[in-house]
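**Student:** Structure for the following, please:
(chains A and B)
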Protein chains: 2
Amino acid sequence: MSHEFPTRAENYSQWYQDLVIKADLAENSAVRGCMVIKPYGYAIWEKMQAVLDQMFKDTGHVNAYFPLFIPKSFFSKEASHVEGFAKECAVVTHYRLKNAEDGSGVVVDPEARLEEELIVRPTSETIIWNTYRGWIQSYRDLPILVNQWANVVRWEMRTRLFLRTAEFLWQEGHTAHATAEEAIIETEKMLDVYAEFAEQYLALPVIKGVKTPNERFAGALETYCIEAMMQDGKALQAGTSHFLGQNFAKAFEVKFTNKEGKQDYVWATSWGVSTRLMGALIMAHSDDDGLVLPPKLAPVQVVIVPIYKTDEQLKAISAVADQLAAEFKAKGIRVKYDDRDTHKPGWKFNEYEFKGVPVRIAIGPRDLENGTAEVARRDTKEKSSMQITDLTLKVEHLLEQIQDNLYRKALTQQEERTYRVDSWEEFETKLDAGGFLYAHWDGTPETEQAIKDKTKATIRCIPLNNKTEEGKCILTGKPSKQRVLFARAY
Amino acid sequence: MSHEFPTRAENYSQWYQDLVIKADLAENSAVRGCMVIKPYGYAIWEKMQAVLDQMFKDTGHVNAYFPLFIPKSFFSKEASHVEGFAKECAVVTHYRLKNAEDGSGVVVDPEARLEEELIVRPTSETIIWNTYRGWIQSYRDLPILVNQWANVVRWEMRTRLFLRTAEFLWQEGHTAHATAEEAIIETEKMLDVYAEFAEQYLALPVIKGVKTPNERFAGALETYCIEAMMQDGKALQAGTSHFLGQNFAKAFEVKFTNKEGKQDYVWATSWGVSTRLMGALIMAHSDDDGLVLPPKLAPVQVVIVPIYKTDEQLKAISAVADQLAAEFKAKGIRVKYDDRDTHKPGWKFNEYEFKGVPVRIAIGPRDLENGTAEVARRDTKEKSSMQITDLTLKVEHLLEQIQDNLYRKALTQQEERTYRVDSWEEFETKLDAGGFLYAHWDGTPETEQAIKDKTKATIRCIPLNNKTEEGKCILTGKPSKQRVLFARAY
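**Tutor:** Model prediction:
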């Protein structure tokens, strides 16, 4: 496949779209808005899943599975939830097809109409809290710390691979607690898990904060989020954790007997990340030559390519390469030895660079004589000759360095493009150039909306532990007590 | 929760249903036919997934993800597929809800009708082969060895937890090959993977065979299957692997250029197992006291219960138990130390027995004095006193013994209830008592159907490497060349 595609500077949006497709990560399907996640993309998602799943288990959570379908009436039970969610959904109305009488194929059987329509879950609070009613009687049944890995559907009109698709994969945690305090601790704990995952694995520095009421999850009392900066200076919400209060417990009549013997409604949280993180990963680190993957999530961390002319040379190189590969594997390093004779080394170099393999090792006959190998790192493109005898240790260290370098590079860019702005003119200019803007806001939803209408910028979050500071709203000039984080966002 | 439920002898079907619910494996949901898989049940499914996923990867497969929805017209493209599948499906006709004008909740927005209805996948051959058309040009693009973990929906009218539900979880492998031979080898290889998984992990002996044309997967040229015997002597199909020929390639125009430079249609296989295996696992080994789980799939393999009266005793026991637990974990054994003071030892014994934990260790003050512990195995209920010093090694060995014992027990029952029958009278008698019957069949679909109508027995399979043998059909007396396997089935 041709790797011709625009540079980031030419057209960032097209660069992303082309990269996702040409690097075999995902593609659009025959169903509008639904994507196919191809094996190379899915392998990265599997790595993310494995790490997150372990982090959830280490914090006491267990997995379960709830139905794909939700009865329509469930959505009406939590008033603000229905406003935020029930609108753009896939609706199942029938349960049978039949042969068309004219033999042209199949048609929906009008006699197989459901009494109550079913909604393909856009999120599972309603069906889960309806289930929890049967699980919870006493404080002894609490907390419930459940996570679900699932597909969900939101009928988005404008879709973009990984970032916004009608169907996507995600995990959704749904926990139930005896007290508000405990639920808030859980909400914040899971935000920390997401932030740690983003920084340690995605190599992506994030800002932790809470959403304004306007931007809260439908049904939440507080929505916590992590916000990351992409290379064009735009923000991407990389995870959310919601304190739901007793809203869903009240909607679905989930009560428990507390230690004092009194009945009370249960307190709830929910939290999720999705295949959107794939978009974040790609947009944050990749360059004009293709993908750049953090070693911890790269399906292949090290590729070994033999350079040879004769079969004898290949045989000698393979002996060394096989030995090396075995050593890498013993250290838990994901290595591939590509000795295919159908492609030239130059083609392979190009291919693995494009696919974002963090470390490439080339071994030729002269290397063998010298006991060396040529080691190239994907992030900086630096090459160096290394002794084969201590290659395993050095490459292990190099992978850590690359992971660290990607994080520091992203952090530097985030810091360099984060501004404190105090005038509307500067606000607009800096926004057009791309970046995170800390600015004063008068605290009203009307001003928030007016700023969005004028500039397409939204309040990404009110950062946690935000400093109070006297100031004037960037738009209205009214008094403000703190700066909030503005940006245009994906 | 009360553990009162019928014995297997009293009511096998109710015994199963109650066990699934009371052991916290799964329950029915608010959506007809859809189940909730509870954390304990899901933990077992996760173990199955992990093992199968590794077996698929070890045989060269990669995972990917395809859309949940399939355009209705896709089902009409493969003639026999539409006959077998397109009928009982969940059909999405609309993509939006709106507030009811009378304020009563939400209604389907009639203006948001889809041009073409979407079917929630009952299986993914059609959408995947439509996708493969874009992936395959030349023999160099083959084979494609892809697996998908997904949820699927088949609108079953009579459902039973795990065994038959409207939505279920499964994996579906979909491979593409350059030759029929290669595709057949793949089909058989995956059948072997399933059989190995059933025998090594589920502790379930299986009969490998091929289905009769009547029982083939819709669109397959040959359906291979593994059939297991449950404790009531009925059969359960535990996995299928299909050789699809060029049917789907022709339906979706998937051609490739072969090594000779000629265009040909691609050869296909598909293979799958589902959460149905949970039903097989439960029905095969459990007893009138609750679940019996093979150690390899048990979420908790060993539980340690302290027996004490004073805090001092508990402290002394806990010191030993914590040390033991650490040793078990170091050996990869899943251990739980249950020192809750909210429940008595007797309650805990009962609970873990009911939940099928393979090994229970009880430690009391007198044990401490003697340096011993009481070890009870779930399968045989045998108890013995063991020296704590070599407990880890002994328990490790015991877990292997239990795994092995469950398999041998199931094999013995299968052998004892497998009969060669030559008269119709015996056929009916043996069938009513429950069992696998090897009988002659004249090879016609009409006779197969007549036997099914008379007895509810189906031909489970024609065993692989079946011996040829002259005989007379059990029903019609017409000549037959081989015996086939009859049974009533789940």
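
**Student:** And the residue positioned nearest the centre of chain A, how far from B:D442?
**Tutor:** By C-alpha atoms, centre = their mean, chain A has its centre lying nearest to A:L277, at 1.6 Å. Distance from A:L277 to B:D442, counting by C-beta to C-beta, to the nearest Å: 59 Å. Using the backbone N, CA and C atoms, a C-beta is placed for each residue, glycine as well.

**Student:** Helices along the stretch 151-300 of chain A, start to end?
**Tutor:** With helices called from DSSP state H, counting those that start in this stretch, the stretch 151-300 of chain A shows them at A:180-200, A:247-251, A:276-285.

**Student:** got the angle for the first one vs helix A:276-285?
**Tutor:** Spelled out, that is helix A:180-200. Angle of helix A:180-200 versus helix A:276-285, following axes from the mean of the first three to the mean of the last three C-alpha atoms, to 10 degrees, is 40 degrees.

**Student:** wait, isn't A:L324 in contact with A:M386?
**Tutor:** No. With contact defined as C-beta atoms under 8 Å, A:L324 and A:M386 do not form a contacting pair (11.2 Å).

**Student:** returning to what we had before: most tightly packed of the helices of the stretch 151-300 of chain A?
**Tutor:** Across the helices of the stretch 151-300 of chain A, averaging neighbours per residue (mean count of other C-beta atoms under 10 Å in any protein chain shown) puts helix A:276-285 on top, at a mean of 25.

**Student:** Can you tell me the SS state at the residue of the stretch 201-350 of chain A found nearest chain B?
**Tutor:** Proximity to chain B, evaluated over the stretch 201-350 of chain A using C-beta to the nearest C-beta, is greatest for A:T342 at 7.2 Å. Per DSSP: H, G, I helix; E, B strand; the rest coil, the secondary structure class of A:T342 is coil.

**Student:** Phi, psi for A:I307 please.
**Tutor:** The phi and psi values for A:I307, taken as degrees, to the nearest 10, are phi -110, psi 120.

**Student:** so who does the residue lying closest to it once chain neighbours are set aside touch?
**Tutor:** Closest residue in space to A:I307, ignoring its immediate chain neighbours: A:G364 at 3.6 Å, by C-beta to C-beta, 6 or more residues apart in numbering or on different chains. By C-beta atoms under 8 Å, 6 or more residues apart in numbering or on different chains, the residues touching A:G364 are A:P306, A:I307, A:Y308, A:Q313, A:I317, A:E374.

**Student:** Mark which of these are buried, thanks.
**Tutor:** Neighbour-count burial (16 or more other C-beta atoms under 10 Å in any protein chain shown) applied to these gives A:P306, A:I307, A:Y308, A:Q313, A:I317, A:E374.

**Student:** Which ones among these lie within strands?
**Tutor:** Counted as lying in strands by DSSP state E, out of the buried ones among the contacts of A:G364, are A:P306, A:E374.

**Student:** Now flag whichever of the buried ones among the contacts of A:G364 is closest to B:Q14.
**Tutor:** The shortest approach to B:Q14 among the buried ones among the contacts of A:G364 belongs to A:P306, at 64.7 Å (C-beta to C-beta).

**Student:** Just want to check the distance between that closest one and B:F427.
**Tutor:** Distance of A:P306 to B:F427, given as C-beta to C-beta: 64 Å.

**Student:** Quick check: A:F56 touching A:V146?
**Tutor:** No. Counting by C-beta under 8 Å, A:F56 does not reach A:V146; the two are 9.7 Å apart.

**Student:** any common contacting residues for those two?
**Tutor:** A:N63, A:G173.

**Student:** between the two, who's got more neighbours?
**Tutor:** Using other C-beta atoms under 10 Å in any protein chain shown as the criterion, A:F56 and A:V146 rank with A:V146 on top: 24 against 21.

**Student:** Show me what from the stretch 301-450 of chain A comes close to chain B.
**Tutor:** Residues of the stretch 301-450 of chain A lying close to chain B by C-beta under 8 Å from any C-beta of the partner chain are A:T342.

**Student:** Just send the helices of the stretch 151-300 of chain A back as JSON lines, with distance to chain B and mean pLDDT too.
**Tutor:** Below are the helices of the stretch 151-300 of chain A laid out as JSON lines (distance: least, C-beta to the nearest C-beta, whole Å; pLDDT from 0 to 100):
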{"stretch": "helix A:180-200", "distance to chain B": "17", "mean pLDDT": "98"}
{"stretch": "helix A:247-251", "distance to chain B": "12", "mean pLDDT": "96"}
{"stretch": "helix A:276-285", "distance to chain B": "11", "mean pLDDT": "98"}
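
**Student:** A:L297: which of those is closest?
**Tutor:** With C-beta to C-beta, the closest approach to A:L297 among these belongs to helix A:276-285: 6.9 Å.

**Student:** which helices and strands sit right next to the closest one?
**Tutor:** Packing contacts for helix A:276-285, counted by 3 or more C-beta pairs under 8 Å, 6 or more residues apart in numbering or on different chains; DSSP states H and E, involve helix A:12-22, helix A:39-58, strand A:222-229, strand A:235-245, helix A:391-416.

**Student:** Let's have these in CSV, adding mean pLDDT.
**Tutor:** Converted to CSV, the helices and strands packed on helix A:276-285 look like this (pLDDT from 0 to 100):
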stretch, mean pLDDT
helix A:12-22, 97
helix A:39-58, 98
strand A:222-229, 98
strand A:235-245, 98
helix A:391-416, 98
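
**Student:** What ranges in the stretch 101-250 of chain A fall below the confidence cut-off?
**Tutor:** Counting by pLDDT under 70, not a single residue of the stretch 101-250 of chain A qualifies.

**Student:** what do you get if the cut-off is 80, keeping everything else the same?
**Tutor:** Per-residue confidence for the stretch 101-250 of chain A (pLDDT under 80) gives these ranges: A:103-104.
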